[in-house]
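# Model the following, please.
(chains A and B)
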Amino acid sequence: MKYICNIDGKQKIDVRNLNFYYSNKLALKDLNFCVKENTILALIGPSGSGKTTLARCFNRMHDLYDNNRYEGAIYIDKTNILESKIDLIQLRDTVGMVFQKPTAFPMSIFENVAFGLKLKGIKNKNELKDRVEKALKDAALWDEVKDRLDKLATHLSGGQQQRLCIARAIAVDPEVLVFDESTASLDPISTSKIEDLMVELSKKLTIIAVTHNLQQAARVSEYTLFLMDGEIIEYDKTNIMFTNPKDKKTQDYIMGRFG
Amino acid sequence: MRKRKVVNYIGLLISTFSAIIGLFFLFWIIVSLVEKGFHYINWSVFTSNAVSPGDEGGGLKFAILGQLEVVGIAALIGIPSGILGGIYLSEYGKDSFLANIIRNVSDAMTSIPSIIIGIFVYALVVMPMGGFSVIAGSIALALLMIPIVISSIDNLLSLVPNELREAAYALGAPKYIVIFKVVAKEAIVGIVSVILIAVSRILGETAPLLFTSFNSNFESYKLNKPIATLTVTMYDYAMGPYDSWHHLAWAAAIILTFSVLLFNIASRLFSYWRFSR
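Numbers count the residues shown, from 1 in each chain, chains lettered A, B, ... in the order given. Coordinates of the predicted model:
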């Protein structure tokens, strides 16, 4: 399909001829697009359209399961991350992910945030402390947990756990952060806190956010990519797409006629 | 509407009655054990060894320590191999052909009569070694433990939500870190319970020990020699002709029952403590 790349700024990710298969089922069909650096790209589309499948390509999450297959290329800066010689551990340092459900590990709040740092080989106690504190501050959670960093993280509320997961992901300084419907299970107040956080974070890193929530896409994202049946229907600046969609399908979806 | 209420009531009645029957016998065993055996428990039971047959007094020190040795070594063999086996099934083998074979064989082995294990180890270890030994007894008990631990760990770990594994992988964790730092930690309460329950399961075994560690009237803890255990000693003393032996058999029965009970209560307390933290 046609390559879409009308961005006004530096390019961070370039997707070329991307096909993705679950066993023999083609889930993403010949995607060609680029993503601007330090912005929020929203992936929208009806259930089963391939949003999550696409999001999970960026950190090669699909490699965890047998019979999944990629074709084509995804360049982050100049590196094709779909090449087989790519070090997945290093890739996942560069591309972080926040999941739909909060996934606090069964350890203390501090240990949760330090998890990725320790994997990177940071052992110095003071450096760990500083970076955990910075990550928690950046995730707007520090004030709520600074007095109980040694308590089990699983006792936090859902919204706090999700911000903890964000802190954990940004602690290792990723360049790209993928949100996979990360506010879908949260209450409106927690959701708006996380949306503010995404906007703040997008000043320093590139965010790809899968969302079912069109208002959310409209509120936070600069660009929106509309997927259906594994194909790109439309990809444009969010304010243009939501006010003046070019494709009939986009229009119908945004108007809530299906989905 | 009325009919449903009546059926409901009858169901409740039957299940309550069944529960009472079950509990009744359990309490009967414990009460009669305490009633008949408790006054034979005294300090010398724990501190002195066997005296000449028929003489008054004597104690079970040799059998208690022997039991600890046989069960302890069995646990050292059985728990790590069982846990690693369970980890293999749940995290590596998953639904592969080999994993399913191991899973089914292990499930089947949990219900093999323990005396068969005893005879198997007799042929495998006792005959080549030329005699009964501690190590043979421990191997027999370990073989009893392993399938129980494998199956329970496999089930426990498969209950850990996959999102947690993915979250750890997404942070760049290698597989062994995901398993030991995240998955095992999430299931730690269950793992400790499995260990305690598996130990209490082999604590009361007699039949496999009759063929393997046999018995001894002397305090000896050499690995290649037969050894006294509480269960086998209790079996011998209860069958023996002397009153003093019968008394010690009661004492052994009480010590055994309450240690098994203790292990079970400990496993409950552990999960309670863990969840209330």
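# residue closest to the middle of chain A?
Chain A has A:Val178 as the residue nearest its centroid, 1.2 Å off, counting by Cα atoms, centre = their mean.
# surely A:Ala135 meets A:Ile170?
Yes - here A:Ala135 lies in contact with A:Ile170, judged by Cβ atoms under 8 Å, at a distance of 5.5 Å. (C-beta placed from N, C-alpha, C; glycine too.)
# Just the element for A:Leu128, please.
Here A:Leu128 is covered by helix A:125-138, with elements defined by DSSP states H and E.
# mind checking how far that helix is from the chain centre?
22 Å (Cα atoms, centre = their mean, to the nearest Å).
# Mind giving me the packing neighbours of it?
Here helix A:125-138 touches helix A:109-119, helix A:142-145, helix A:158-171, going by 3 or more Cβ pairs under 8 Å, 6 or more residues apart in numbering or on different chains; DSSP states H and E.
# Tell me where chain B has helices.
Taking DSSP state H, the helices of chain B run over residues B:2-37, B:43-47, B:61-87, B:97-109, B:114-121, B:127-129, B:134-158, B:162-170, B:175-177, B:184-186, B:188-203, B:207-210, B:230-239, B:243-275.
# Backbone dihedrals for the closest residue to chain A within the stretch 1-150 of chain B, both of them.
In the stretch 1-150 of chain B, the residue that lies nearest chain A is B:Lys94 (9.2 Å; Cβ to the nearest Cβ). Per-residue torsions, B:Lys94: phi 50, psi -120 (degrees, to the nearest 10).
# contacting residues around it?
Contact partners of B:Lys94, counting by Cβ atoms under 8 Å, 6 or more residues apart in numbering or on different chains, are absent.
# Doesn't A:Gly72 lie inside a helix?
No - secondary structure of A:Gly72 (DSSP: H, G, I helix; E, B strand; the rest coil): strand, not part of a helix.
# which residues sit in contact with it?
A:15-19, A:30-31, A:82.
# coming back round to it: deepest in the core, which of the helices and strands packed on helix A:125-138 is it.
Of all those, helix A:158-171 has the most neighbours on average by mean count of other Cβ atoms under 10 Å in any protein chain shown, namely a mean of 25.
# How far off centre is the very next helix or strand once past it?
Once the chain leaves helix A:158-171, the next helix or strand it forms, by DSSP H and E, is strand A:176-180. The chain centre lies 1 Å from the centre of strand A:176-180; the measure is Cα atoms, centre = their mean.
# Stretch B:183-199 now?
14 Å.
# Tell me the residues of the stretch 1-150 of chain A that contact chain B?
Proximity of the stretch 1-150 of chain A to chain B, by Cβ under 8 Å from any Cβ of the partner chain, involves residues A:59, A:61, A:64, A:88-93, A:96-97, A:99-101, A:103, A:105-107, A:115-116, A:119-120.
# again, 10 Å this time
A:56, A:59-61, A:63-66, A:87-107, A:111-112, A:115-120 (Cβ under 10 Å from any Cβ of the partner chain).
# give the contact list for A:Ser182.
A:97-102, A:162-163, A:165-166, A:191, A:194, A:198, A:209-211 (Cβ atoms under 10 Å, 6 or more residues apart in numbering or on different chains).
# pLDDT value on it, please?
Listed pLDDT for A:Ser182 reads 92.
# A strand includes it, no?
No - according to three-state DSSP, A:Ser182 belongs to no strand; its state is coil.
# ok, so what distance separates it from A:Arg163?
10 Å (Cβ to Cβ, to the nearest Å).
# Same check on B:Ser48?
For B:Ser48 relative to A:Arg163 (Cβ to Cβ), the value is 64 Å.
# cool, and B:Gly78?
43 Å.
# Low-confidence stretches in the chain?
If you meant another chain, say so; for now it's chain A. The model of chain A has pLDDT under 70 over residues A:257-259.
# right idea, wrong chain: chain B
In chain B (pLDDT under 70), the answer is B:274-277.
# Quick one: name the residues of it near chain A.
Checking chain B against chain A by Cβ under 10 Å from any Cβ, the hits are B:94-96, B:160-175, B:177-178, B:181-189, B:274, B:277.
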